[in-house]
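*Asks:* A predicted structure for the sequence below; I have some questions about it.
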Amino acid sequence: SSGSEENDVVVIGGGPGGYVAAIKAAQLGLKTTCIEKRGTLGGTCLNVGCIPSKALLHSSHMYHEAKHSFASHGVKVSNVEVDLPAMLAQKDKSVSNLTKGIEGLFKKNKVTYVKGSGKFISPSEVAVDTIEGGSTVVKGKNIIIATGSDVKSLPGITIDEKKIVSSTGALSLSEIPKKLVVVGAGYIGLEMGSVWNRLGSEVVVVEFGPDIVPTMDGEIRKQFQRSLEKQKMKFMLKTKVVGVDNSGEGVKLTLEPSAGGEQTTLEADVVLVSAGRNPYTAGLDLDKIGVNTDKIGRIPVNEKFATNVPGVFAIGDVIPGPMLAHKAEEDGVACVEFIAGKEGHVDYDMVPGVVYTHPEVAYVGKSEEQVKALGIEYRVGKFPLLANSRAKAIDDAEGLVKIIAEKESDKILGVHIMSPNAGEIIHEAAIAMTYGASSEDVARTCHAHPTMSEALKEAAMATYDKPIHI
Ligand code: FAD
């Protein structure tokens with residue numbers, strides 16, 4: 001049906017990049033079709049990423065609080081137990097409500113939704129094998145590739161989603177593993193490790209590199225790792241997995257120092273491989289129309305998201321840049337604004353990063369290491385959550401706020417927060433920085449009391465002058 005008429009915009013992929021691009025294009029008056037093969041909209045993020053992981057992080061946090069913190073707040077509960085099927089069902093319900101919500105938004109905005117797998121037959125035609133069976137051709141003056149990313153395995157490790165799982169399997173384990181080994185200490189591994197750790201698994205994180213979450217400010221990272229260790233997560237850094245044997249009951253891993261050396265073994269009931277994600281372009285027949293990809297399979301684009309083939313664009317996880325849902329959404333909006341002949345803009349220096357553990361860690365802008373490497377003269381202001389009244393009032397006061405500002409101008413270069421709800425607080429910093437604020441601008445903004453956001457204000461005071469409460 002959609003195929004017979006030509007579209008202004010055809011989007012391949014219905015993840016946060018693709019579905020947002022499709023809605024925005026329709027809002028700009030462009031005739032738009034979105035092709036998605038999964039059967040549900042929302043992509044990795046809604047189906048097997050951001051949303052189900054946050055659902056489980058919340059549920060597991062509630063259990064953990066009930067078990068370990070309620071009593072000290074005078075709330076008596078007995079026989080606190082995990083009902084894993086119910087917990088997973090609540091996660092699944094939140095996912096299906098949200099994915100259906102996007103279908104509703106497509107209807108509201110008159111985006112045509114084609115369920116099926118698309119491949120290029122020309123730069124303006126996509127053949128779709130539909131989910132119901134059969135095929136159709138969708139034509140478009142402009143085609144946006146938003147096919148996202150997929151789980152990356154490691155050499156010699158086969159993911160079976162039972163004993164050796166990716167993040168997808170780790171979102172649906174049928175039992176709480178006694179021992180979970182997480183391979184890769186990025187944010188996905190730490191979030192999923194936290195979920196199962198709270199539910200009672202013994203969790204060991206094995207990481208090839210010297211640090212967990214390497215994009216994080218070093219000082220914050222150290223405190224964060226210590227916090228996770230206090231929660232009984234164990235870390236083996238500078239360690240690589242050289243062998244996996246899952247022929248027995250559980251899984252036996254052979255490990256070796258990353259630099260080489262003596263081998264050791266580690267047993268687990270379940271191994272989570274969270275060693276990054278690969279851009280996904282399989283089955284698109286990009287070579288047929290001559291779209292270039294780089295060494296690791298990403299699609300290079302110019303500042304208007306155009307690929308090397310006229311009329312073909314790419315956004316989200318499939319292009320270079322941070323593989324994050326909100327970044328994909330920003331790409332999507334800017335890309336269709338350019339297609340509609342307007343201006344679009346994404347400031348990649350201002351994309352916040354958040355790890356949704358407890359406490360959360362959130363950051364925007366540069367780390368102290370990056371500022372140093374650039375040779376910029378800077379000042380640092382810090383404020384510990386332990387001196388924040390709200391955090392103390394609710395007995396949840398682990399963490400700190402750190403602000404880095406240029407020495408001469410006091411312009412904020414980076415903000416790093418470890419605290420409950422850091423992922424919400426960070427946007428105050430993002431807005432301030434987007435408007436080129438100094439730390440004094442933030443410090444002189446009246447903050448409501450008692451809030452954790454006051455820790456940001458006090459850290460700002462500490463950057464150019466002195467804080468009050470420490
Ligand atoms: P995707 O979401 O991957 O969507 C691409 C879609 O294209 C898929 O649905 C796929 O089925 C479809 N597709 C592919 N090929 C075709 C084809 N040929 N025809 C039709 N359809 C096709 N990011 C955050 O910002 N915050 C988080 O908290 C967060 N948590 C995460 C947790 C986990 C466990 C994981 C795995 C990821 C998480 N992410 C998070 C990352 C986030 O999910 C991705 O950055 C985001 O989904 C990228 O969006 P996208 O639209 O580029 O691609």
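*Replies:* Now that the structure is in, tell me what you want to look at. Numbers count the residues shown, from 1 in each chain.
*Asks:* And the strands in the stretch 351-470 of the chain?
*Replies:* Across the stretch 351-470 of the chain, reading from the start of the chain, the strands by DSSP state E, counting those that start in this stretch fall at 353-355, 360-365, 378-384, 400-406, 412-419.
*Asks:* Can you tell me which of those strands is most buried?
*Replies:* Looking across the strands of the stretch 351-470 of the chain with neighbours counted as mean count of other CB atoms under 10 Å, the highest average goes to strand 412-419: a mean of 28. C-beta coordinates here come from the backbone N, C-alpha and C atoms, glycine included.
*Asks:* So in that sheet, which strands flank that one, and in what orientation?
*Replies:* According to DSSP bridges, strand 412-419 has the following sheet partners: strand 360-365 (antiparallel), strand 400-406 (antiparallel).
*Asks:* Which one, of these, ends up nearest to residue 373?
*Replies:* Of all the strands paired with strand 412-419, it is strand 400-406 that lies closest to residue 373, at 12.6 Å by CB to CB.
*Asks:* Spell out the residue ranges of the strands in the stretch 51-200 of the chain.
*Replies:* Counting by DSSP E, counting those that start in this stretch, the stretch 51-200 of the chain has strands at residues 112-122, 125-130, 135-145, 149-151, 164-165, 179-183.
*Asks:* Determine which of those approaches the ligand most closely.
*Replies:* Proximity of the strands of the stretch 51-200 of the chain to the ligand was assessed by CB to the nearest ligand atom; the nearest stretch is strand 112-122, lying at 3.9 Å.
*Asks:* Briefly note if that closest one comes near the ligand.
*Replies:* Yes - with CB under 6 Å from any ligand atom as the criterion, the ligand is reached by strand 112-122 at 117-118.
*Asks:* before we move on, the earlier item: closest to residue 252 out of the strands of the stretch 51-200 of the chain?
*Replies:* Each of the strands of the stretch 51-200 of the chain was scored for nearness to residue 252 using CB to CB, and the closest is strand 179-183 (10.2 Å).
*Asks:* pLDDT on that closest one, on average?
*Replies:* Strand 179-183 comes out with an average pLDDT of 98.
*Asks:* cool, and stretch 362-382?
*Replies:* When the per-residue pLDDT values of stretch 362-382 are averaged, the result is 98.
*Asks:* Run a quick neighbour tally on the residue of the stretch 101-250 of the chain found nearest the ligand.
*Replies:* Of all residues in the stretch 101-250 of the chain, the one sitting closest to the ligand is residue 148 (2.1 Å; CB to the nearest ligand atom). Applying other CB atoms under 10 Å, we find 26 residues neighbouring residue 148.
*Asks:* That one reaches residue 314, doesn't it?
*Replies:* No - counting by CB atoms under 8 Å, residue 314 is not a contact partner of residue 148; they are 10.6 Å apart.
*Asks:* the helices in the stretch 51-200 of the chain, which residues?
*Replies:* Secondary structure of the stretch 51-200 of the chain, counting by DSSP state H, counting those that start in this stretch: helices at 84-109, 167-170, 187-198.
*Asks:* With mean neighbour count as new columns, can the strands of the stretch 51-200 of the chain be given to me in CSV?
*Replies:* Converted to CSV, those look like this (neighbours: other CB atoms under 10 Å):
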stretch, mean neighbour count
strand 112-122, 20
strand 125-130, 19
strand 135-145, 22
strand 149-151, 20
strand 164-165, 22
strand 179-183, 26
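*Asks:* For the stretch 301-450 of the chain, which residues are neighbours of the ligand?
*Replies:* Counting by CB under 6 Å from any ligand atom, the residues of the stretch 301-450 of the chain close to the ligand are 316-317, 323-326, 328, 356.
*Asks:* quick one: contacts for the nearest residue to residue 39 once chain neighbours are set aside?
*Replies:* Nearest in space to residue 39, with sequence neighbours left out and distances taken as CB to CB, 6 or more residues apart in numbering, is residue 131 at 5.8 Å. Residue 131 makes contact with 37, 39, 115-116, according to CB atoms under 8 Å, 6 or more residues apart in numbering.
*Asks:* Nearest spatial neighbour of residue 436, chain-adjacent residues omitted?
*Replies:* Excluding its sequence neighbours, the residue lying closest to residue 436 (CB to CB, 6+ apart) is residue 411, at 6.4 Å.
*Asks:* same question, residue 146
*Replies:* Closest residue to residue 146 in three dimensions, ignoring its sequence neighbours and counting by CB to CB, 6+ apart: residue 18, at 3.2 Å.
*Asks:* Assess the claim that residue 256 and residue 265 are in contact.
*Replies:* No - contact criterion CB under 8 Å: residue 256 and residue 265 do not qualify, at 10.5 Å.
*Asks:* Comparing the two, which shows the higher neighbour count?
*Replies:* Looking at residue 256 and residue 265 with other CB under 10 Å, you find the greater number of neighbours at residue 256, namely 15 against 10.
*Asks:* What strands flank whichever strand or helix holds the more buried one, and is each parallel or antiparallel?
*Replies:* Under the criterion of DSSP states H and E, residue 256 resides in strand 251-257. Strand 251-257 has these partner strands in its sheet, going by DSSP bridges: strand 239-245 (antiparallel), strand 264-268 (antiparallel).
*Asks:* Nearest to the ligand: which residue in the stretch 301-450 of the chain?
*Replies:* Shortest the stretch 301-450 of the chain-to-the ligand distance, computed as CB to the nearest ligand atom: residue-wise this is residue 316, at 2.2 Å.
*Asks:* got the angle for the strand holding residue 256 vs strand 179-183?
*Replies:* For the pair strand 251-257 and strand 179-183, the angle between their directions (axes from the mean of the first three to the mean of the last three CA atoms, to 10 degrees) equals 40 degrees.
*Asks:* which parts of strand 251-257 are buried?
*Replies:* Along strand 251-257, the positions that meet the burial threshold by neighbour count (16 or more other CB atoms under 10 Å) are 251-253, 255.
*Asks:* How far does it sit from its chain's centre?
*Replies:* Taking CA atoms, centre = their mean, to the nearest Å, the mean C-alpha location of strand 251-257 is offset from the chain mean by 28 Å.
*Asks:* Grab the nearest non-local neighbour of residue 442.
*Replies:* Across the structure, with CB to CB, 6+ apart as the measure, the residue nearest residue 442 apart from its sequence neighbours is residue 460 (3.9 Å).
*Asks:* need the contact list for that neighbour.
*Replies:* Contact analysis of residue 460 by CB under 8 Å, 6+ apart lists 381, 403, 412, 439-440, 442-443.
*Asks:* Which one of the residues you listed is nearest to residue 366?
*Replies:* residue 412 (9.7 Å).
*Asks:* Is that closest one bridged to anything, and to what?
*Replies:* Here residue 412 shows beta-bridge partners residue 405, assigned using DSSP bridges.
*Asks:* Who are the contact partners of it?
*Replies:* By CB under 8 Å, 6+ apart, the contact list for residue 412 reads 365, 403-405, 429, 432-433, 437-439, 442, 460, 463.
*Asks:* same thing but at 7 Å, please
*Replies:* Contacts here follow CB atoms under 7 Å, 6 or more residues apart in numbering; on that basis residue 412 touches 365, 403, 405, 432-433, 437-439.
*Asks:* Give me the below-cutoff pLDDT ranges for this structure.
*Replies:* By pLDDT under 70, the low-scoring segments of the chain are 1-4.
*Asks:* Pick out the residue closest to the middle of it.
*Replies:* In the chain, the centroid-proximal residue (CA atoms, centre = their mean) is residue 324; its distance is 4.7 Å.
*Asks:* No further queries at this time; thank you.
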